[in-house]
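Student: sharing a model that was predicted from the sequence below.
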Amino acid sequence: MKAPYSTDSGYVFAALTLLIWSGFVVVSRLGSTSILTPYDIAALRLGTAALVLAPWWLPRLLHRERRQLKWYQALSLALLAGITYPLASYIGFQTSPASHGAVLISGMLPFFTSFFAGWLLGERPSRVRVLGLVLILTGVLTLLFGQITPQTFSTATLKGDLMLLSASCFWSLFTVLIKYWQLKAFDVSLGVTSVSAMIYLPVFALFLPSHLHLASVEDIALQAFYQGFIVVCVAMWTYAKAVELLGSVKVVIMMSAVPVVGALLAVPVLGETLSSSTALGVTIVFLGALIGAMAKPPKQA
């Protein structure tokens, strides 16, 4: 019999997720500025993941006794993490730079998650964790407003930022529901992938605009491999496993370091420029994430 994963393993899973999410910001921005539509990228993400995980989710689909999630659990998680979260992200990245995505999606996770955790789990953050959240918010605002200039700000950017904030909200609720329902990581990965693919892919094929036939093989391969295999098959499992072992709030506070890595990656990969305020914001976010992750578990109301 295999030994259960330890709490220390949860930090390893969280660190792996952080690295993959940082790359997600850059790869999503690359895809959203290519010929591919956001709906194409979502289809490549779900189609690839469903194909890779088919040996595990198909038997559960065909045999009811093998299913680990209730129908409403699988449907809720699929709508949140499998469909609305990626679509909101890709649509937002069309008009907002990658650095905004890193800040708004991952940087705001602790606040949305703390709200949902207080509502559904009755968790009340300790004073140390509140300090960490305040530092993260300060760093997020420093990063965001440091990059908004008269030359770069527009109504389109604002709309993109609102979509990125929506994506953060969807993922936060998904995170807390995993803990609320006490679900296992692999069950979540299979349920989200299979149900999302069965709902989204037919709708995409029949109704949504597509430029797949115009895209290069390189663009399609990059999005399919990174979004479908790395982000869904690997990172969704490592993330759910980290939440299972460490708790939802602690994990999303650790994920607040994504703006640090994502914003820095955007410089060499995408050629985006970062102001001097970014260095200050990155430092503040890092300190807040470190303090929040080291804080004691939140109290139950």
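Tutor: Arrived safely.
Student: buried stuff in stretch 251-267?
Tutor: 251-266 (16 or more other CB atoms under 10 Å). No exception for glycine: its C-beta is placed from N, CA and C like everyone else's.
Student: please read the previous query as pertaining to stretch 155-167.
Tutor: 157, 160-161, 163-167.
Student: how far away from the center of its chain is the helix or strand that contains residue 113?
Tutor: Assigned by DSSP states H and E, residue 113 belongs to helix 109-116. Centre-to-centre, helix 109-116 and its host chain are 13 Å apart (CA atoms, centre = their mean, to the nearest Å).
Student: how about stretch 44-59?
Tutor: Taking the mean of its C-alpha atoms, stretch 44-59 sits 19 Å from the chain's own mean (CA atoms, centre = their mean).
Student: what's that stretch in contact with?
Tutor: The contact list for stretch 44-59, computed with CB atoms under 8 Å, 6 or more residues apart in numbering, reads 36, 66, 82, 86, 186, 189-191, 193-194, 196-197, 200-201, 220, 223-225, 227-229, 231-233.
Student: let's see 7 Å
Tutor: Here stretch 44-59 makes contact (CB atoms under 7 Å, 6 or more residues apart in numbering) with 66, 82, 86, 189-190, 193-194, 196-197, 200-201, 220, 223-224, 227-229, 231-233.
Student: looks like residue 179 contacts residue 243 (just checking).
Tutor: Yes. Using CB atoms under 7 Å, residue 179 is in contact with residue 243, at 5.9 Å.
Student: show me what the helix or strand hosting residue 279 is packed up against.
Tutor: Assigning secondary structure by DSSP H and E places residue 279 in helix 276-294. Here helix 276-294 touches helix 127-147, helix 248-254, helix 258-270, going by 3 or more CB pairs under 7 Å, 6 or more residues apart in numbering; DSSP states H and E.
Student: what comes up buried for it?
Tutor: 278, 281-282, 284-293.
Student: that one to helix 109-116, inter-axis angle?
Tutor: Put simply, helix 276-294 runs at 40 degrees to helix 109-116, going by axes from the mean of the first three to the mean of the last three CA atoms, to 10 degrees.
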